[in-house]
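Peer 1: Sequence first, then the predicted structure:
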Amino acid sequence: MGEASRKALAGQNGAIALDTFGGRIHVEWDPAAAVTPLGQLPFFIEVLKVSGVFEAWVADCPLAYQRNHASDKRAVLATLLLSILAGHHRYAHITAIRYDGIHPELLGVSRLVSEDAARRALARIDESLGVAWLDRHLAKTTQPLLTTPWILDLDATVKCLYGKQEGAVVGYNPKKPGRPAHSYHSALMANTRLALAVDVLPGNETAPLHSMPGIWAWLDALPKEARPAVLRGDVAYGSESVLCEAEARDQPYLTKLRVTKNVKALIKTWFRSNAWEEAGQGWEGVEDTLMLSGWSRTRRVIVLRRALTGEMLLTGKDDDQELFAFIESDVPTKRYEYAVLVTSTLYEILALAQLYRDRADAENNFDELKNQWGWGGFTTQDLARCRLMARMVALVYNWWTLFVRLAQPHKHFEAISSRPLLLHGVATQTQHAGQTRVTSTSLHAKQSTIQAILTNLAGFLRTLKATAEQWTDAERLRAILIRAFANVMLSTAGPPTLLVSKTAPT
């Protein structure tokens, strides 16, 4: 560009004539216009302001600069917030929103920072202080809900890596065996689909023994009335160490057992029995007790089976993890899929079978957080920034989930649906007579419905501000959570009614 003529430079800012199928048009650029593609974001920003979660998050941030011309920590956090909300997976994607003409001011900053400034800012945060900071604010988004019976889902997922990052180790990776990865250990609140905690470990540390000390410490810090009604996990959490720690804390649990030699022997003893009970969705079950060689005590187990038919029968194969089948001598094609659950609860077989099947919803959380949010990206050479960004993504995900549930309380919308509905829209900002006006145009086919939903939401926030002027931010946040999750804010008396059937023992 240094050799370009003045005429060529001037031509870049003028209108360009283009021929299209709709006729000749003239295209020109206006880099100073106050516009944004996230035109409906002001509604979300008002939720952040009324609840006080964003101000507290910024004020509590351990990031500090010594130079006068350094970036402001509020600008850094506002940039990361907008980037995560926009669905970015890389720090480089921040460039796409760098010159948003509306939202920086609405978040209380003059401009957004660059991708390099955001990356360097995270490197300045002490890891232990940053983890504690983000864990505190993750807890704020769920703490009011813990007074009702709730289920704690524990699981781990892997994030494949393609460089030489710290902690990029080959471990258990079912999708891409042999590929280095990070392991994301997560605690989720069932039914609400909120993230309670997350930690990033090297790829070869996928076993619960690496993450459970932090989970137990977190549970021990909770008041007894706020602890989960059931701790639920897959076969990885059916080990003696996890079960023993849960029993020592009087924590009810429900996990699945690996189909090992002794578990197979138990299944064989029940194969020809007539005591099988209905367990829902084609399954039937029986109850028994089991003492495995590595266990310290006898525990209650539920043996479930489902007859294989059609394509399932043709593709059925023995697998110690998922599928174990016997063939009857008189009916050679009779095959069953088996699963064995271990539990310390007193719920009946039908309720326990359905309760464990509901655990599959945790996989939907992982899919959403990895593929529609930032868990699949924001990778740096060091593990510390990966841990901070994983928690930050989970926090923004919780805030957005809360906002979407405020708009539509009876259904969870994943980001692939909720962003076009409640976030995307072309907006222009104008100022006149001391008033700032944002004119938003949604491109969604349901734009009239969206307008009605957001108008109703703004009315609720306006009423909340008018009737709760003396409330603290925590009290306002609790009122917002109660409205958003009214369907799960149950009575604290008795067992969780979402977990068991009406005939289950209490």
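Peer 2: Arrived safely.
Peer 1: Help me confirm that residue 95 is found in a strand?
Peer 2: No - counting by DSSP: H, G, I helix; E, B strand; the rest coil, residue 95 is not part of a strand but helix.
Peer 1: Can you tell me what sits against the host helix or strand of residue 49?
Peer 2: Applying DSSP states H and E as the criterion places residue 49 in helix 41-51. Helix 41-51 is contacted from outside by 54-55, 82, 85, 102-103, 106-107, 399-400, 402-403, 406, 422-423, 438, 454, 457-458, 461, 464-465, 473, 476-477, 480, using CB atoms under 8 Å, 6 or more residues apart in numbering. Backbone N, C-alpha and C define where each C-beta goes, glycine included.
Peer 1: Now with 7 Å, please.
Peer 2: The contact list for helix 41-51 (CB atoms under 7 Å, 6 or more residues apart in numbering) reads 54, 103, 106-107, 399, 403, 406, 423, 438, 454, 457-458, 461, 464-465, 473, 476-477, 480.
Peer 1: the strands in the stretch 151-300 of the chain, which residues?
Peer 2: Applying DSSP state E, counting those that start in this stretch to the stretch 151-300 of the chain gives strands spanning 151-160, 181-189, 194-202, 230-232, 253-256, 277-280, 283-290, 299-307.
Peer 1: And the ones you listed: which comes nearest residue 143?
Peer 2: Among the strands of the stretch 151-300 of the chain, strand 194-202 comes nearest to residue 143, with 9.9 Å by CB to CB.
Peer 1: which residues are in contact with that closest one?
Peer 2: If you take CB under 7 Å, 6+ apart as the criterion, strand 194-202 is touched by 135, 138, 141-142, 167, 169, 182-189, 210-211, 214, 218, 383, 386-387, 390-391, 394, 397-398, 401.
Peer 1: swap in stretch 441-461?
Peer 2: Here stretch 441-461 has contacts from 39-40, 43, 46-47, 50, 406-408, 420-422, 425-426, 483, using CB under 7 Å, 6+ apart.
Peer 1: Can you name the next helix or strand after the lowest-mean-pLDDT helix or strand in the chain?
Peer 2: Least confident helix or strand, the chain: helix 6-12 with a mean of 51, by mean pLDDT, DSSP states H and E. Using DSSP H and E, the next helix or strand after helix 6-12 towards the C-terminus is strand 16-20.
Peer 1: which helices and strands does the helix or strand following that following strand pack with?
Peer 2: Going down the chain from strand 16-20, the next helix or strand is strand 23-27, by DSSP H and E. Here strand 23-27 touches strand 16-20, going by 3 or more CB pairs under 7 Å, 6 or more residues apart in numbering; DSSP states H and E.
Peer 1: Enumerate the positions of the strand it packs on that are buried.
Peer 2: When neighbours are counted by 16 or more other CB atoms under 10 Å, no buried residue of strand 16-20 is found.
Peer 1: May I have it as PDB, with CA atoms only?
Peer 2: Taking Å, rounded to 0.1, in the frame of the first residue of the first chain, the C-alpha atoms of strand 16-20 are listed here in PDB:
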ATOM      1  CA  ILE A  16     -18.500   0.500  -6.100                       C
ATOM      2  CA  ALA A  17     -21.000  -0.300  -8.900                       C
ATOM      3  CA  LEU A  18     -21.900  -4.000  -9.100                       C
ATOM      4  CA  ASP A  19     -24.200  -5.900 -11.500                       C
ATOM      5  CA  THR A  20     -26.600  -8.400  -9.800                       C
END
